[in-house]
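Colleague: I'd like to go over a predicted model; first the sequence, then the structure.
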Amino acid sequence: MKGQQRELNLRFLAQPTDVNYGGKVHGGMVMKWIDQAGYAAAVGWSGKYSVTVAVGGIRFVAPIRISDLVTVHTKLILTGNSSMHFAVDVKARDPGLDDGEPDERLCTHCVIVFVAMDQVEGKPTAVPPWTPETEDDKRLAEYALKVMELSKGIEATVERYVHEGDAGK
């Protein structure tokens, strides 16, 4: 299976323990689902234990309600030497609406990055390469690079802010 599984779907119902007093799923719970789906996808691609190293461009665009049928869809969009970048869409729908057309709505989107690890020494290890072939694949790979670039810019800004804050103490 190593190097074969580019996409993965996790599907389940949002449960009472996932939601706040308003009946909406906590953002932290959605992030947990993203991490779990990303891990399964990373292992499915690399065949190796993998760790989360970054989540970028996360957007919560619609709420998930208690008892919604949730789908977390991951798709590999870029590989490095040991890294794997996945686009993740979290969608939800009321399972009671069965009129033949799925009423799924996009609730959250992000890019999550995993690194495959050698289990003996705990160091990054090579993953099977993936090469974009279609125009859509090329666009998604470019998107992953852009999100990574923006994340590095945010890190640099935070670093400057932290050091400037330390200087005033």
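Modeller: Received it, and whenever you're ready, just let me know what you need.
Colleague: average pLDDT for the top helix by length along the chain?
Modeller: Longest helix of the chain, by residue count under DSSP state H: helix 135-167. The average pLDDT within helix 135-167 is 83.
Colleague: Now do the buried residues in it.
Modeller: Judged by neighbour count (16 or more other C-beta atoms under 10 Å), helix 135-167 contains these buried residues: 137, 140-141, 143-144, 147-148, 151. Heads up, the C-betas are built off the backbone N, CA and C, glycines and all.
Colleague: Could the C-alpha coordinates of the one helix or strand residue 77 maps to be exported in PDB?
Modeller: Using DSSP states H and E, the element containing residue 77 is strand 69-79. Output in PDB follows, covering the C-alpha atoms of strand 69-79 (Å, rounded to 0.1, in the frame of the first residue of the first chain):
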ATOM      1  CA  LEU A  69     -22.600  13.600   9.200                       C
ATOM      2  CA  VAL A  70     -19.000  14.800   9.000                       C
ATOM      3  CA  THR A  71     -16.500  13.900   6.200                       C
ATOM      4  CA  VAL A  72     -12.800  14.800   6.600                       C
ATOM      5  CA  HIS A  73     -11.200  14.500   3.100                       C
ATOM      6  CA  THR A  74      -7.500  14.600   2.700                       C
ATOM      7  CA  LYS A  75      -5.600  14.700  -0.600                       C
ATOM      8  CA  LEU A  76      -1.800  14.600  -1.000                       C
ATOM      9  CA  ILE A  77      -0.700  17.800  -2.900                       C
ATOM     10  CA  LEU A  78       3.000  18.000  -2.400                       C
ATOM     11  CA  THR A  79       5.900  15.800  -1.200                       C
END
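Colleague: name the helices or strands packed onto the longest helix of the chain?
Modeller: Other helices and strands packing on helix 135-167, by 3 or more C-beta pairs under 8 Å, 6 or more residues apart in numbering; DSSP states H and E, are strand 50-60, strand 69-79, strand 83-93, strand 105-116.
Colleague: so which of the ones you listed comes closest to residue 123?
Modeller: strand 105-116 (9.7 Å; C-beta to C-beta).
Colleague: that older thread, name the helices or strands packed onto the strand holding residue 77?
Modeller: If you count contacts as 3+ C-beta pairs under 8 Å, 6+ apart, strand 69-79 packs onto strand 7-13, helix 27-46, strand 83-93, strand 105-116, helix 135-167.
Colleague: between it and strand 105-116, how big is the angle?
Modeller: Counting by axes from the mean of the first three to the mean of the last three C-alpha atoms, to 10 degrees, strand 69-79 lies at 40 degrees to strand 105-116.
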